[in-house]
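> got a predicted model here, sequence first, then my questions.
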Amino acid sequence: MRDLSLHLLDLAQNSITAGASLVTIRLTLGEDGMLTMELADNGKGMSPELLARVTSPFATTRTTRKVGLGIPMMKENAEKAGGTFKLESEEGKGTTLTCSLDTGNIDCLPLGDLSGTLLSLMLTNPLFPDFLFEGKSPKGEGSFDTREVRQALGSDIPFNEPSVAAWLKEALDEEINSIFGGILV
Amino acid sequence: MKSLADLEAIRAKTLENINMRKDQDAARVVIGMATCGIAAGARPVMLAFMEELQKRNLQHVTVSQTGCIGMCRYEPMLDVILPGKEKVTYIHVKPEMVPRIVAEHIVNGQPVEEYTIGAAND
């Protein structure tokens, strides 16, 4: 993976596959340059057995092949950048993945196109589930909640309608830029 | 600044469009977006498709995603499925290739042979 936003796009797919109705992505950049990324869902969760082996590249829930690289690559990239990786899950409740990374570390991946990741998630999951983004940095904080968008737009209109997609793109760009512009993106 | 109030106008317009094209057969673009596809660059390709379709106002095309189909070395990959035609698989797709695929294949019905999996030598 070339940047952190691509990791988020990849890992969020696990939450969607787990049947989550709300996927929360939370990014907090501290004054000390430590970036905390949290991906939380209310999907079906994992059994303690699966949770224990899921950071292995040879663990996957799919049946077509025996490898699953998304989670182990994220863990490696976090630890390589002087950070930590934590995965908590409870069956029937959901899963929360928390990473911290030192953005001052030379091995820390760049954040990348976070707005593009959020937009991709919304366009490829146009009616379900909902996404909540919360960001915070020394520059400011903000959020983007697709439940609010759906309420204003009507829940029968999919996000991949061109005029809606264009609105989402601009709104996300503005929001992300106000939080991380000039710092991480 | 974008505000949620914009969405009301968008809703009215979009509902009209949805009703208008109810009887049309939809062309489909399916992009591989598993770990392998994403790592190879599927996200900018997907966003390029959305942008190109919007630019040309092609309301009858849907873009969706799929997982890993086991040919990770060819990612980013995508299928274009026109109604009544066999699916065409494009490999190593870059955002710059998207306008041609849209113009020649989706609009004019002629697949861009040199980008398809049939043109691969390895």
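Structure received. Quantities reported herein were computed from a predicted structural model and do not represent experimental measurements. Residues are numbered from 1 along each chain as shown, chains lettered A, B, ... in the order given.
> where along chain A do the strands fall?
Along chain A, the segments classed as strands by DSSP state E run A:22-29, A:34-41, A:84-90, A:94-102, A:130-137, A:140-145.
> next: chain B.
According to DSSP E, chain B carries its strands in the segments B:27-32, B:61-66, B:78-81, B:88-90.
> in CSV: those, plus mean neighbour count.
Any C-beta I mention is one placed from the backbone N, CA and C, and that applies to glycine too. Output for these, formatted as CSV (neighbours: other CB atoms under 10 Å in any protein chain shown):
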stretch, mean neighbour count
strand B:27-32, 22
strand B:61-66, 18
strand B:78-81, 20
strand B:88-90, 22
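> once you drop chain neighbours, what's closest to A:Met73?
A:Met1 (5.9 Å; CB to CB, 6 or more residues apart in numbering or on different chains).
> what does the pLDDT read for B:Val122?
Actually, residue B:122 is Asp rather than Val. The model reports B:Asp122 with a pLDDT of 56.
> make CSV from the strands of chain B and add distance to B:Met50 to it.
Listed next are these as CSV, based on distance: least, CB to CB, whole Å:
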stretch, distance to B:Met50
strand B:27-32, 10
strand B:61-66, 6
strand B:78-81, 13
strand B:88-90, 16
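> lowest mean pLDDT across those, which one is that?
When the strands of chain B are ranked by mean pLDDT, strand B:61-66 comes last with a mean of 92.
> that one vs chain A: in contact?
Yes - among the residues of strand B:61-66, B:Thr62, B:Val63, B:Ser64, B:Gln65 lie within reach of chain A under CB under 8 Å from any CB of the partner chain.
> who does that strand pair up with?
Neighbouring strands of strand B:61-66 in its sheet, by DSSP bridges, are strand B:27-32 (parallel).
> and the closest residue in space to A:Ser137 that isn't next to it in sequence, how far from chain B?
Nearest residue to A:Ser137, sequence neighbours excluded (CB to CB, 6+ apart): A:Leu29, at 4.1 Å. Relative to chain B, A:Leu29 is positioned 22 Å away (criterion: CB to the nearest CB, to the nearest Å).
> any regions of chain B where pLDDT drops low?
With pLDDT under 70 as the threshold, chain B has low-confidence stretches at B:22-24, B:121-122.
> what do you get for chain A?
Using pLDDT under 70, chain A drops low at A:66.
> who in it is up against chain B?
By CB under 8 Å from any CB, the residues of chain A that approach chain B are A:1-2, A:6, A:9-10, A:13, A:62, A:64-65, A:68-70, A:73, A:113, A:116-117, A:119-120, A:123-124, A:148-149, A:152-154, A:157, A:160-167, A:170-171, A:174.
> and the residue nearest to A:Ser137, how many residues sit next to it?
22 (other CB atoms under 10 Å in any protein chain shown).
> ok, it - contacts?
A:Leu35, A:Thr36, A:Thr103, A:Lys136, A:Ser137, A:Pro138, A:Phe180, A:Ile183, A:Leu184 (CB atoms under 8 Å, 6 or more residues apart in numbering or on different chains).
> would you turn those into CSV with neighbour count?
Putting those into CSV (neighbours: other CB under 10 Å) gives the following:
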residue, neighbour count
A:Leu35, 23
A:Thr36, 16
A:Thr103, 20
A:Lys136, 17
A:Ser137, 20
A:Pro138, 12
A:Phe180, 22
A:Ile183, 14
A:Leu184, 20
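> the residue nearest to A:Arg26 when sequence neighbours are not counted and A:Ala78, how far apart?
Closest residue to A:Arg26 apart from its sequence neighbours, by CB to CB, 6+ apart: A:Glu38 at 4.1 Å. Going from A:Glu38 to A:Ala78 by CB to CB, to the nearest Å gives 12 Å.
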